[in-house]
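Undergrad: one predicted model, sequence on top.
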Amino acid sequence: MSGPRTDALAGPPGLVLDARVTRGAFTLDVDVRVAPGEVVAVLGPNGAGKSTLLSAAAGLVPLTGGRAVLDGRVLDDARTGTFLEPADRPVGFVFQSYRLFPHLSVLDNVAFSPRARGAGRTRARAVARDWLDRLGLADLASRRPGDLSGGQAQRVALARALAGAPDLLLLDEPLAALDARTRLDVQSELKRHLAGFAGPCLVVTHDPLEALMLADRLLVLEGGRVVQEGAPAHVARRPATEYVARLVGLNLYAGVADGDAVHLDGGGMLVVPDHGERGPVLVALRPSAVVVSPHRPDVSSVRNTWPATVVGLTMLTDRVRLDLAGEPSALVDVTPAAVAELGLAPGDRVWLSAKATELEVYARG
Ligand SMILES: Nc1ncnc2c1ncn2[C@@H]1O[C@H](COP(=O)(O)OP(=O)(O)OP(=O)(O)O)[C@@H](O)[C@H]1O
């Protein structure tokens with residue numbers, strides 16, 4: 001005999017967010033799935049909809065279309081009007097806009113999460129102490145949030161989210177307020193915790209390194225839509241948009257492939273390895289793979305050479321990044337010694353060269 005349909009049949013384990021949210025003129029329209037134990041970093045320019053995505057999963061903004069389902073349980077369904085209040089969702093979150101309770105001590109702020117999930121007062125406080133210890137906050141246990149620095153408050157918020165043993169973790173720039181040193185410490189602590197976290201996790205960050213370090217998968221939003229998602233290594237090698245290319249530090253050119261030539265939309269042509277692609281493609285090029293010469297190079301193995309004008313020079317940690325205008329324009333990394341040898345300054349004309357084998361060519365999505 002088959003039993004009645006239960007909520008468990010409403011979706012697979014993990015988070016399914018097939019969501020539309022309209023906020024004024026802005027619309028978020030995404031279909032995001034996060035498996036149990038998977039950490040997905042959400043990246044995107046300002047106003048892309050990252051916070052809106054997390055707020056929708058948390059129930060802080062209702063969906064205007066679609067559904068949010070966690071482990072088969074419907075959290076929000078715009079069609080049927082089902083809506084679980086944020087407090088009733090088994091979700092731990094750290095949002096910049098979500099403040100600590102000002103009238104409670106740090107310890108009781110953190111103990112609030114296990115209490116809300118049914119733990120007794122003593123047990124909840126023990127769990128809270130443990131998390132404060134792990135995040136290096138034990139000394140602050142009896143303080144009120146008003147007596148904390150911004151960074152300390154954000155770490156307490158992180159401890160509070162983790163202490164509730166949630167089924168879904170939503171972190172909106174959880175480390176943004178921390179100073180560089182603390183940030184590294186908390187980052188590795190967070191990574192360890194996330195590795196052991198059984199539920200799905202979405203973490204918004206503006207820091208590509210943080211995303212690469214923390215996430216199993218990257219999800220890039222632009223204008224309320226997913227423009228790219230995939231394993232960090234894949235996204236870093238084959239960026240789909242200009243924004244992603246800048247984020248991972250690559251030059252990106254759109255063009256049309258014809259045999260081993262790609263005619264670039266912005267002018268110029270690049271010879272690429274025989275890749276079998278025809279039609280619209282993207283070509284990615286590492287700034288360190290381009291050679292700068294004062295005269296036209298005479299090297300037969302180098303298949304691409306083109307003139308360019310120095311527009312700007314920026315000192316990076318151990319290299320100088322040149323901004324060069326040409327067909328195509330390029331960012332090129334050279335050593336400070338090379339800048340001195342070539343006597344480079346804005347306005348100078350130079351020649352650029354790049355081996356065909358240094359170019360990564362792939363179809364435009
Ligand atoms: N409460 C609101 N009312 C109306 N529009 C809003 C509201 N909150 C956000 N928006 C709009 O929704 C869009 C997406 O905002 P959101 O905060 O989700 O972007 P974001 O990617 O998180 O940006 P940031 O990186 O700047 O935090 C923006 O155009 C923003 O102006």
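TA: That came in fine, so what should we check first? Numbers count the residues shown, from 1 in each chain.
Undergrad: residues contacting the helix-or-strand element of the chain with minimal mean pLDDT, please?
TA: Within the chain, confidence by mean pLDDT, DSSP states H and E is lowest for helix 180-196 among all helices and strands, at a mean of 79. By CB atoms under 8 Å, 6 or more residues apart in numbering, the surrounding residues in contact with helix 180-196 are 39, 134-136, 151, 155, 158, 162, 169, 174-175, 178, 201, 203, 210, 213-214. From N, CA and C alone the C-beta is placed, and that goes for glycine too.
Undergrad: restricted to helices, list the residues you listed.
TA: 134, 151, 155, 158, 162, 210, 213-214 (DSSP state H).
Undergrad: just name the lowest-scoring one in those, pLDDT-wise.
TA: Scanning these for pLDDT, the low point is residue 151. It has 73.
Undergrad: run through the residues that contact that one.
TA: Here residue 151 is in contact with 177-179, 182 (criterion: CB under 8 Å, 6+ apart).
Undergrad: quick check: the gap between the spatially most central residue of the chain and residue 211.
TA: Among the residues of the chain, the one closest to the centroid is residue 43, at 3.1 Å (CA atoms, centre = their mean). To residue 211, residue 43 is 6 Å away according to CB to CB, to the nearest Å.
Undergrad: need the overlap of contacts for those two.
TA: 205, 218.
Undergrad: which parts of the protein sit against the ligand?
TA: 23-24, 26, 44, 46-52 (CB under 6 Å from any ligand atom).
Undergrad: now, of those residues, which are buried?
TA: Neighbour-count burial (16 or more other CB atoms under 10 Å) applied to those gives 44, 48-52.
Undergrad: narrow those to those in helices?
TA: Per DSSP H, these map to helices at 50-52.
Undergrad: in stretch 252-263, which residues are buried?
TA: Result for stretch 252-263 [16+ other CB under 10 Å]: buried residues 252-253, 255, 257, 262.
Undergrad: dump that stretch to PDB, keeping only the CA atoms.
TA: Listed next in PDB are the C-alpha coordinates belonging to stretch 252-263 (Å, rounded to 0.1, in the frame of the first residue of the first chain):
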ATOM      1  CA  LEU A 252      39.300  38.000 -22.300                       C
ATOM      2  CA  TYR A 253      38.400  38.600 -26.000                       C
ATOM      3  CA  ALA A 254      35.200  37.800 -27.800                       C
ATOM      4  CA  GLY A 255      35.600  36.900 -31.500                       C
ATOM      5  CA  VAL A 256      34.600  34.600 -34.300                       C
ATOM      6  CA  ALA A 257      36.700  31.500 -35.000                       C
ATOM      7  CA  ASP A 258      37.700  30.400 -38.500                       C
ATOM      8  CA  GLY A 259      40.200  27.600 -38.500                       C
ATOM      9  CA  ASP A 260      43.200  28.600 -36.400                       C
ATOM     10  CA  ALA A 261      42.300  32.300 -36.600                       C
ATOM     11  CA  VAL A 262      40.000  34.200 -34.300                       C
ATOM     12  CA  HIS A 263      38.700  37.600 -35.600                       C
END
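Undergrad: as CSV, the contacts of residue 151 with neighbour count and distance to residue 336 would be great.
TA: Shown next, in CSV, are these (neighbours: other CB atoms under 10 Å; distance: CB to CB, whole Å):
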residue, neighbour count, distance to residue 336
177, 17, 34
178, 20, 31
179, 9, 28
182, 17, 31
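Undergrad: quick one: the strands in the stretch 251-365 of the chain, in order.
TA: Along the stretch 251-365 of the chain, counting by DSSP state E, counting those that start in this stretch, strands occupy 251-258, 261-264, 269-271, 279-285, 291-293, 304-315, 320-326, 330-334, 349-354, 360-363.
Undergrad: can you tell me which of the ones in helices among the buried ones among the residues of the chain next to the ligand lies closest to residue 284?
TA: The shortest gap between residue 284 and any of those belongs to residue 50, at 23.9 Å (CB to CB).
Undergrad: report pLDDT for that closest one.
TA: pLDDT at residue 50 comes out at 95.
Undergrad: same check on residue 41?
TA: Per-residue confidence for residue 41 comes out at a pLDDT of 97.
Undergrad: low-confidence ranges, the stretch 151-300 of the chain, go.
TA: 275, 299-300 (pLDDT under 70).
Undergrad: give the residue spans of the stretch 1-150 of the chain that score low on pLDDT.
TA: Applying pLDDT under 70 to the stretch 1-150 of the chain picks out residues 1-10, 96-98.
Undergrad: any idea how far the residue lying closest to residue 266 once chain neighbours are set aside lies from the ligand?
TA: With sequence-adjacent residues excluded and distances taken as CB to CB, 6 or more residues apart in numbering, residue 266 is closest to residue 328, at 6.1 Å. Distance of residue 328 to the ligand, computed by CB to the nearest ligand atom, to the nearest Å: 29 Å.
Undergrad: residues near residue 328, how many?
TA: Residue 328 has 23 neighbours, counted by other CB atoms under 10 Å.
Undergrad: who touches it in this structure?
TA: 251, 253, 264, 266-268, 270, 306.
Undergrad: phi first, then psi, for it.
TA: Taking degrees, to the nearest 10, you get phi -90, psi 160 for the backbone angles of residue 328.
Undergrad: do you know the pLDDT at it?
TA: pLDDT at residue 328 comes out at 97.
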